[in-house]
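[1] Have a look at this prediction, sequence included:
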Amino acid sequence: MVLAGSPLTPCLPDGPQARPEVESLQSYSAPLEGRRGLLRLDFNENTVGPSPKVVEAIRAIPADHYAIYPEYNGLREAVVANLGLPALTPAHIGLFNGVDAAIHALFHAFGAAGDVLLTTSPTFGYYTPCAQMQGMAITAIPYLGTDFAFPMGAIRTALLMQPSPRLLLLCNPNNPTGTRLAPELILELAAAAPDTLVVVDELYEAFTGDSALPIADFAATPNLLVLRSLAKTAGLAGLRIGFAIGPEALVDRLGRVTGPYDINSFAVTAARAALADQAFTDTYVAEVLRSRRWLLEQLHNAGVRHHAAGGNYLLIWPSRPAQAVEAELRASGILVRSMAGKPLIDGSLRVSIGTREQMERFWAAYREIENLSSLP
Ligand SMILES: Cc1ncc(COP(=O)(O)O)c(C=O)c1O
C-alpha cells in the first residue's frame, strides 16, 4: 500500500523514473508486522478466524492443484446466491484480490489526470493514494459536528461542480467515524450525478444492514458500484478476496485493468466455503454487536469520551496522547490504532470490536493503563 508522499521525495539520480505522480508518492508499510499472537483490535479484522468449513476446504486442496492456474467458475454464481437478490447475475460481480485491489482498479480504469475525486474526511486511507497515482484532484468534505454527521448538503453542492467529479467514494458505514448513510440517499446522489461514478464501500455493511444493493436498479443508476469483502466478517483478510458489484459495463471495465489470475486458488476455495456458510458469519456478527453494546455501557459508566455509530469499531479519546496509550496497550498484548493527526478525530484510538471475552480483556487493560480501576 502507498500513502501520499511529500513533493520533496528524492528521485533516483540515474535510471528510469516512474510517472511524476508515482515519484511524488511514498511507499508505505502499514504497521502490520509482528501482530500474530496479540489481540488484534487495530484493523477491524474478524478476531476469531473463519468457519471450520473454510479450513476443511483449504486442507482438501490436493497439492498438484497448486501447480494449476486458478479457476473462477462458480464463484460469481456463489456470490449471487449468497446475496439472494433476484436482479443480480454473475455478470454483475467483479472478483478482486481484496477490496483494496478493486479500489485500485476503479481508479485505474476511471480516474484520469485532472479529474476530481469527491469523498469525505476522515475516511479509509487508500482512496487518497489511488487518486494521487492517477494525478487526480481530491475534494474531501469533512464530517459534521461532534457526531460526525454525513455532510449531505456539501456533497450535493460539490456534485454540481463543472466538470462533474469523476468519482464519488462513500464509505458506508464510514471507517473510522462509523457514520451511516441511508442507502436511499446514496441512490438519490447517484441519480443526480449521472456523469459521476458513485462507489459505495460497504466493507462493514454486515454490522449495520445498510446496503444500496437491495434497492439499486442498475438501469436507473448505471453509475453505481458497491464494494464488498470477506475480510472483516468471514475472516479471510489474509487470503485476500473482495467483490465489486454493479452494472455489467462497469464490472467489465474494472476487469480490463485486472490481471487474469490476480486471485489465487486458495482464496477462491475459501470464498466458496465461506459464502456457503453464512450462518457462521451471522453468528460472529451477532456476537460482535453484543460485545459492542457491552463495551459502550462500560465506556458510558466510566465517563470515557467515545464515539460509536456503524461498524465493528469505535473511537475512544484517552486522557493522554493516543500514541502513548496505543504503545502501552501493545506492551500488554493488545493492538489498537492511534488516530493521532487525523482530521476531526486527532487524539482518539480506533478500537475494533471482537468477542465479549476479548473486549473484557481490552477493557481491563485500558482501565489499568488509564487509572480507571477505582471506578465501578
Ligand atoms: C473501508 C475499507 N475499505 C476497504 C478495505 C480493504 O479491504 P480488503 O481487506 O478486502 O482489501 C478496508 C480495510 O481495512 C476498509 O476499512
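    On my side now, so go ahead. Note that the structure is a prediction, hence the values are computed from the model and not measured.
[2] residue contacts, Glu370?
    Val304, Pro318, Ser319, Arg320, Val325 (C-beta atoms under 8 Å, 6 or more residues apart in numbering). Quick note: C-beta positions are derived from backbone N, CA and C, even for glycine.
[3] just checking, the second one touches Leu349?
    Yes. Between Pro318 and Leu349 a contact is recorded at 6.3 Å, counting by C-beta atoms under 8 Å.
[4] overlap in contacts of the two?
    Val325.
[5] and Ala101, which of the three is it?
    helix (DSSP: H, G, I helix; E, B strand; the rest coil).
[6] residues in contact with it?
    Arg240, Gly242, Thr258, Asp262.
[7] secondary structure class for the spatially closest residue to the third one that is not a sequence neighbour?
    Think Thr258. Leaving aside its sequence neighbours, Thr258 sits nearest to Ala105 (C-beta to C-beta, 6 or more residues apart in numbering; 5.2 Å). Three-state call for Ala105 (three-state DSSP): helix.
[8] Pretty sure Thr119 sits against Arg166.
    No. Look at Thr119 against Arg166 with C-beta under 8 Å: they stay out of range, at 11.6 Å.
[9] neighbour-wise, which of the two wins?
    Thr119 (25 against 21; other C-beta atoms under 10 Å).
[10] Bridged to the more buried one, which residues?
    For Thr119, the beta-bridge partners under DSSP bridges are Ala140.
[11] cool, and Leu349?
    Counting by DSSP bridges, the residues bridging with Leu349 are Ile316, Ser338.
[12] Any figure for the gap between it and Phe207?
    The spacing between Leu349 and Phe207, counted by C-beta to C-beta, to the nearest Å, is 19 Å.
[13] what's the closest non-adjacent residue to Trp363?
    Nearest one to Trp363, counting by C-beta to C-beta, 6+ apart, is Gln298 at 5.3 Å.
[14] In which helix or strand does that neighbour reside?
    If you go by DSSP states H and E, Gln298 is part of helix 278-302.
[15] tell me what that helix is packed against?
    Here helix 278-302 touches strand 306-307, strand 313-316, helix 356-369, going by 3 or more C-beta pairs under 8 Å, 6 or more residues apart in numbering; DSSP states H and E.
[16] List the buried residues for the second one?
    Of all the residues in strand 313-316, those buried under the rule 16 or more other C-beta atoms under 10 Å are Tyr313, Leu314, Leu315, Ile316.
[17] Please tell me I have it right and the last one contacts Gly303.
    It stands for Ile316. No. The criterion here is C-beta under 8 Å, and Ile316 misses it with Gly303 at 12.0 Å.
[18] Show me which residues of the chain sit near the ligand.
    43-44, 98-100, 124, 171, 175, 201, 203, 229, 231, 237, 242 (C-beta under 6 Å from any ligand atom).
[19] For the residue of the chain at minimum distance from the ligand, list the residues it contacts.
    In the chain, the residue that lies nearest the ligand is Gly98 (2.9 Å; C-beta to the nearest ligand atom). Gly98 makes contacts with Ser229, Ala231, Arg240, Ile241, Gly242, as judged by C-beta under 8 Å, 6+ apart.
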